[in-house]
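[1] Okay, here's the prediction I keep looking at, along with the sequence it came from:
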Amino acid sequence: MSQVHVHTKINGDTTEFLCEADEPLLDVLRDRLGLTGAKEGCGTGDCGACSVMVDDRLVCSCLVLGAEAEGRTIETIEGMADGEKLHPLQQKFLDHAALQCGICTPGFLVAAKALLDHNPDPTETEVRYWLAGNLCRCTGYDKIVRAVMDTAAEMRGA
Amino acid sequence: MVKVNLWGSLKSAASGRASIDVEAQTIRQMFRALGEQEPGLVPILDSGITVAIDGQIYRDDWFKEVDDDSEVYLLPRMEGG
Amino acid sequence: MLDKTAENGEFKVIGTRPERPDGVDKVTGRARFGADMVMPGMLIGKVLRSPHAHANIKSIDTSAAEALEGVKAVITAADFTADVPEAEYDTMVNCIAHGKALYDGHGVAAVAATSRSIANKALKLIKVEYEVLPHVTDVEEACKDDAPLLHDNIFTEGLEETPTTPSNISGRVQFGHGDVDEGFAAADKVVERKFRTEATHQGYIEPHACVGNLSPDGTGELWCCTQGHFMVRNSCAAILGLDISRLRVTASEIGGGFGGKTTIFIEPLALALSRKAGRPVKLVMSRDEVFRATGPTSSASMWIKIGAKNDGTITAMEGLLKYQGGAFKGSWVSLGCMTAFACYRADHMKTVGYDVLVNRPRAAAYRAPGAPMAAFAVESVVTELAGELGRDPLEFRLQNAAKEGDQSSYGPKHRAHGLMETLEQAKAHDHYNAPLGPNQGRGVACGFWFNFGGQTSTSLNIGADGTVNVSVGTVDVGGSRASMCLMVAEELGVPYEKVRCVVADTSSLGHNDITDGSRTTFSSGMALILSARDAKQKLCARAAKIWEIPEDAVEWVDGHARPAGPNAGEFDPMSLAEVAGKAETTGGPIAGHHECNARGAGVSFATHMVDTEVDPETGRVTVLRYTVFQDAGKAIHPAYVEGQFQGGAVQGIGWAINEEYIYGEDGRLQNAGFLDYRIPVASDLPMIDTVIIETPNKGHPYGVRGVGETSIVPPMAAIANSVSAAAGVRLTELPMSPPRVLKAMDDAKA
């Protein structure tokens, strides 16, 4: 089967890749482009560990085809920090010990950033429902929710 | 003499005895003496079991000392998550 | 052993909440987990799994798969020697079926190919001829005389007389003291009930993953996510017939384990494929495979009977526990029996357990394995009995709680522990007196776990600039490297930021047992404290040489060598960096080591309190408020201790309300995915409040007890007590999913 030639922009960099027609974007990112920050927890869109942004839309990259990235802009966890400077969400996750094993953390950060970009002042309930598509088995979500709320408060103040 | 208490179902391998008195200064000597008195215990002792001495739990610790007045219980091998 | 306590005001950095050393890597996507590894020339492996719950494998024809372009190796049981040590035999057979598929999802063959799609195509070309056999997946059904038999060479152990016919009951265990009949005769009130729990999965978000690279000369390397890379090395070496010194295993970052990664599933297959193909092979499980073929916990059928006098004194406690452990021996029913009544004092106690085989995946440890389901049953009856006696459930527990010197349910007398403190703090907490609304109920429950020590080896190296590297062999599942750095910083008297911790590979450190039994902060922490003391002695000796005074005239205080006492002479104290900076000229590198079989693990207790609301129309349970009270001994990094409490509680909430393995009539798992096997999500939950109690463990220099497991023991019982109060009917089956709750309410009305 011939491969699809895709032109895209990932974390600000113009990127081209070849992929199979039926190959998920997650596999392209991880296996072809070396962007292993997005994780595969399920491959069926249930766990959110592979969350990335495609044209400002939060998606599970396991449910998007690599070929669908043609002409689109993709943001992954690798693009969240500004060089040496962590995004406030990344720092707050560390301050609040909002991760234990850390496998779900990239997905949570991408999803939480999407929330705050769209709603800078979410209630606890809004945070919990927005993040309901991201599974964490270690923390019980308590410290994650606190870290997101605290980031929102700090960013509003800044 | 150290009084070694067996867990309930271990009795079936020890002629029905719930406890066995042995001369021993260490867990290893205790195991050896238990095996001599009750050969039925040997395979179970060899497979690895846990010993509680005065409420403290020891796994795989042959040379831990036991005193005559120590409270000694044998317990099944324990593994956690 | 305990020589530093908070009361003495001795701790400087212990108990603070610094950023974890692996933190930045984890929030930037840089941390490398099991599936993130790539090796040059790497092939992709896939496993063919049985679609049948129970079937003889008549033949496997791999020729068409082998002929497919891009396929570099195909393996079956025939590629493994039968000459495997007995202790590893079941593990090997669980990785790849030998003659018989024992459960839906049991590995049958594996391939390695140049791409994932070719590997998948190759799986379809493998022809397996099965003779399907009758199956059994229910624990009670499996105990019946006419049940389909899994193994014809298993005879029930632990009976008075050895049976002559094989059985699915692989063993019977019994614990206790006194005479329960006498105890019940003395009781004024007796409550007895039957309970059932379904199997649940540890549910770590990271599927099992590894890359194996085995050279024809029998030298190999393996990268994998595991709770114990030394265990992986030893098991794989035994199964593949390798010298353990020739197999170097590196533990990746691990995306959750909870006990489920304390054994091997795909690692020997990747190595065997690599040996055959002559190239590295990566094997990553799908989520479907994780559910079907890796460690769920036992499902259980239990009966509990407890009697008490009118004054509230418990006179007797008796239990019968049947746990299925999947298709192999070893269901942790012993630990269920030993822990069931461990929170209580009674003159007469008896627990009997049956280890039962069924056509399900081999049970793996899951956080305090065996204990949560027993606690669910026992704590339900304790609360019901308190109600029958007109007593407050916390008061009743306080009256009957096991204290230091009381004979425990598992045998020995209790040592000092924090159970009473958890109960007293629970009673005094504002949560306990907060008002409840309609259809709401409050539940409390206690839980116990042993916590373990085990083989541990650590190393500590001091750099020329006075910074410190420590190596541990216990995998960091939830932030333990931060705790390690804190303990070393405390001991050496240097800032936390100057200490870095790595999890060393199996060729770089002595053997370490797996990260299990809540042992890591306890055992590796103890070994590191002793490594640091070893290093301090050497640092003092170097300072003594520099000052030209006797070694015993130097002491280590606040991160500095200084002359001890007036007779030692007048010298300015030397910092760690100053002594380390002169290492080259004073005798070479300065290091500390410690190897031990860590003794002195301290048991731990918790009390949980929860409010729930039951929707009377749908039976849906909502958790409104949750508070954990647990004894940590000493919280080294309190944020991660809280995290353990919260995480355990929420896994328990999932077990209580949602999670269950559902098997069809055909013996196949019906819900092998996160959509249908629903673990709690953020919107299901309230904040989880925590109260850390610190009753120092005398067996650790700083008083540490394990904290990871106890937190999953009480939740199901606490929630059952809460839901039963809210619904007005006693719930006795898990999960308390809407249909079950609704049915219980309807039955109670009828």
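    Done, it's in. What you are looking at is a predicted structure, and each value in this text was computed from that prediction instead of being measured. Residues are numbered from 1 along each chain as shown, chains lettered A, B, ... in the order given.
[2] so what's the backbone phi/psi at whichever residue of chain C sits closest to chain A?
    Nearest to chain A in chain C, going by CB to the nearest CB, is C:Gly29, at a distance of 2.2 Å. To be clear about C-beta, it is placed using only N, CA and C from the backbone, and glycine gets the same treatment. The phi and psi torsions at C:Gly29 (degrees, to the nearest 10) take the values phi 80, psi 0.
[3] Measure how buried it is and give me the count.
    26 (other CB atoms under 10 Å in any protein chain shown).
[4] list the buried ones in stretch A:82-90?
    If you call a residue buried by 16 or more other CB atoms under 10 Å in any protein chain shown, then stretch A:82-90 has these buried ones: A:86-90.
[5] could you pick out which of those are near chain C?
    Restricting these to those near chain C by CB under 8 Å from any CB of the partner chain leaves A:86, A:90.
[6] closest to chain C among the buried residues of stretch A:82-90?
    For the buried residues of stretch A:82-90, the nearest to chain C is A:Gln90 (4.1 Å; CB to the nearest CB).
[7] element containing that closest one?
    Following DSSP states H and E, one finds A:Gln90 within helix A:88-95.
[8] report the angle between the axes of the very next helix or strand once past that helix and helix A:88-95?
    Toward the C-terminus, helix A:88-95 is succeeded by helix A:105-118 as the next helix or strand (DSSP H and E). Going by axes from the mean of the first three to the mean of the last three CA atoms, to 10 degrees, helix A:105-118 is angled at 130 degrees with respect to helix A:88-95.
[9] Now tell me what touches the next helix or strand after helix A:105-118 from outside.
    Elements were assigned by DSSP H and E; along the chain past helix A:105-118, the next helix or strand is helix A:124-130. Contact partners of helix A:124-130, identified using CB atoms under 8 Å, 6 or more residues apart in numbering or on different chains, comprise A:111-112, A:115, A:119, A:122, A:141, A:145, A:148-149, C:682-683, C:685.
[10] Is it possible to get a markdown table of those that adds distance to C:Gly256, pLDDT and neighbour count?
    Formatted as a markdown table, the contacts of helix A:124-130 follow (distance: CB to CB, whole Å; pLDDT from 0 to 100; neighbours: other CB atoms under 10 Å in any protein chain shown):
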| residue | distance to C:Gly256 | pLDDT | neighbour count |
| --- | --- | --- | --- |
| A:Ala111 | 18 | 98 | 22 |
| A:Ala112 | 20 | 98 | 29 |
| A:Leu115 | 24 | 98 | 20 |
| A:Asn119 | 29 | 97 | 13 |
| A:Pro122 | 27 | 98 | 20 |
| A:Tyr141 | 14 | 98 | 30 |
| A:Val145 | 19 | 98 | 24 |
| A:Val148 | 21 | 98 | 31 |
| A:Met149 | 24 | 98 | 18 |
| C:Ala682 | 16 | 98 | 26 |
| C:Ser683 | 21 | 98 | 15 |
| C:Leu685 | 18 | 98 | 21 |
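[11] Farthest-apart pair in those, please.
    Farthest-apart pair in these is A:Asn119 and C:Leu685; separation 20.3 Å (CB to CB).
[12] longest helix in chain B, by residue count?
    Secondary structure of chain B read by DSSP state H shows that its longest helix is helix B:27-37.
[13] Tell me, what's the model's pLDDT at residue 20?
    Here I'm looking at chain A. Looking at A:Glu20, its pLDDT is 94.
[14] you looked at the wrong chain, it should be chain C
    For C:Arg20, the predicted pLDDT is 96.
[15] how deep is it tucked in, by neighbour count?
    26.
[16] What helix or strand is the closest residue to it other than its chain neighbours located in?
    Counting by CB to CB, 6 or more residues apart in numbering or on different chains, C:Arg20 lies nearest to C:Ala482, which is 4.0 Å off, once chain neighbours are set aside. Using DSSP H and E, C:Ala482 falls within helix C:480-492.
[17] Which residue is it, in chain C, that comes closest to chain B?
    Closest point on chain C to chain B, by CB to the nearest CB, is C:Gly259, at 2.3 Å.
[18] Can you classify that residue by secondary structure?
    Assigned with DSSP: H, G, I helix; E, B strand; the rest coil, C:Gly259 falls in the coil class.
[19] I figured it hits B:Gly81, correct?
    Yes. Using CB atoms under 8 Å, C:Gly259 is in contact with B:Gly81, at 2.3 Å.
[20] what sits in contact with each of those two?
    C:202, C:364-367, C:369, C:516.
[21] Just want the most central residue of chain A.
    Nearest residue to the geometric centre of chain A (CA atoms, centre = their mean): A:Val110, 3.1 Å.
[22] what about the residue in chain A positioned nearest to chain B, which SS state?
    Nearest residue of chain A to chain B: A:Arg137, at 13.1 Å (CB to the nearest CB). Secondary structure state of A:Arg137, per three-state DSSP, is coil.
[23] Show the contacting residues for the residue in chain B positioned nearest to chain A.
    Going by CB to the nearest CB, chain A is nearest to B:Gly81 of chain B, at 13.1 Å. Taking CB under 8 Å, 6+ apart, we find B:Gly81 in contact with C:202, C:257-260, C:262, C:364-369, C:516-517, C:709.
[24] does the spatially closest residue to C:Pro550 that is not a sequence neighbour count as helix, strand or coil?
    Closest residue to C:Pro550 apart from its sequence neighbours, by CB to CB, 6+ apart: C:Ala544 at 6.2 Å. For C:Ala544, the assignment made with three-state DSSP gives helix.
[25] do the same with C:Val190
    strand.
[26] Report pLDDT for the residue nearest to it when sequence neighbours are not counted.
    Nearest non-adjacent residue to C:Val190, counting by CB to CB, 6+ apart: C:Gly307, 4.2 Å away. Looking at C:Gly307, its pLDDT stands at 98.
[27] Correct me if wrong: C:Asp516 contacts C:Phe258.
    No. Assessed by CB under 8 Å, C:Asp516 is found out of contact with C:Phe258, at 10.1 Å.
[28] Quickly list what C:Ala401 is bridged to.
    Taking DSSP bridges, one finds C:Tyr344 as the beta-bridge partners of C:Ala401.
[29] Please point out which parts of stretch C:193-204 sit buried.
    Buried-residue list, stretch C:193-204, by 16+ other CB under 10 Å: C:195-204.
[30] count of neighbours near the residue of chain C closest to chain B?
    29.
[31] Let me see the contact set for it.
    The contact partners of C:Gly259, taken as CB under 8 Å, 6+ apart, are B:80-81, C:202, C:227, C:295, C:364-367, C:369, C:516.
[32] Can you tell me which of the residues you listed is nearest C:Asp666?
    So of the contacts of C:Gly259, ranked by how close each gets to C:Asp666 (CB to CB), first place is C:Gly295, at 22.2 Å.
[33] For that closest one, give me its contacts.
    Counting by CB under 8 Å, 6+ apart, C:Gly295 touches C:201-202, C:259-260, C:263, C:361-366.
[34] Quick check: the gap between it and C:Gly667.
    18 Å (CB to CB, to the nearest Å).
[35] cool, C:Pro495 as well?
    58 Å.
[36] and these two? which has more neighbours close in?
    Per other CB under 10 Å, whichever of C:Pro495 and C:Gly667 has more neighbours is C:Gly667, with 22 against 13.
[37] where does the closest residue in space to the more buried one that isn't next to it in sequence land on pLDDT?
    Excluding the flanking residues, the one nearest C:Gly667 by CB to CB, 6+ apart is C:Ala53, at 2.7 Å. Model confidence at C:Ala53, expressed as pLDDT, equals 98.
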